[in-house]
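**Student:** using only what follows, build the 3D model:
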Amino acid sequence: MRIGIAADHGGFELKVQLSIALKAAGYEVTDFGAHELVTGDDYPDFVAPLAKAVARGEVTRGLAICGSGVGACVAANKVSGVRAALITDSFSAHQGVEDDDMNIMCLGGRVTGYALSRDLVMTFLSARFKAEERFKRRLAKVEALERERT
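**Tutor:** Below you'll find the model as predicted:
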């Protein structure tokens, strides 16, 4: 599975740690930056390219990290075809994929510690969309909303 990862200064250290763990677990990781710690950088500069790569299928799933995870989530969800959520618990990490076909998980580098983040990421990556009729129906409604954007 190809994983994309991106973070601004607020999530930089967590991104580095998670990238190492993912590679050690055998995942192919594409790093969308930041590639160095710059305290004045902006999360959309890194999250938008990640989200576009997920939407185009260039990476299977994405991890977007900023200080709280909120900004990264907001930016990622502006890209059509992305279903991103800020995740802080294991139930949501798998349920978001199983029921809602979540393809980007957002984390707060200043909020969620490494050990929990790693567990959440592994749960997210091991989950699979159930593709039941009710879930597909709901996602079709979400896709219709994306087409309506003004």
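
**Student:** just the helices in the chain please.
**Tutor:** Taking DSSP state H as the criterion, the chain contains helices spanning 12-24, 44-56, 70-76, 90-100, 114-126, 133-148.

**Student:** right, and the ones you listed - which one's nearest A6?
**Tutor:** Comparison of those against A6 by C-beta to C-beta identifies helix 44-56 as nearest, at 4.0 Å. C-betas here are computed from N, CA, C, even on glycine.

**Student:** what is the orientation angle of the closest one with helix 12-24?
**Tutor:** When axes from the mean of the first three to the mean of the last three C-alpha atoms, to 10 degrees is applied, the directions of helix 44-56 and helix 12-24 differ by 30 degrees.

**Student:** any buried residues in helix 44-56, and which?
**Tutor:** Neighbour counts over helix 44-56 (16 or more other C-beta atoms under 10 Å) mark 44, 46-55 as buried.

**Student:** which one of these sits closest to V79?
**Tutor:** When the buried residues of helix 44-56 are compared for distance to V79 (C-beta to C-beta), A51 comes out closest, at 3.9 Å.
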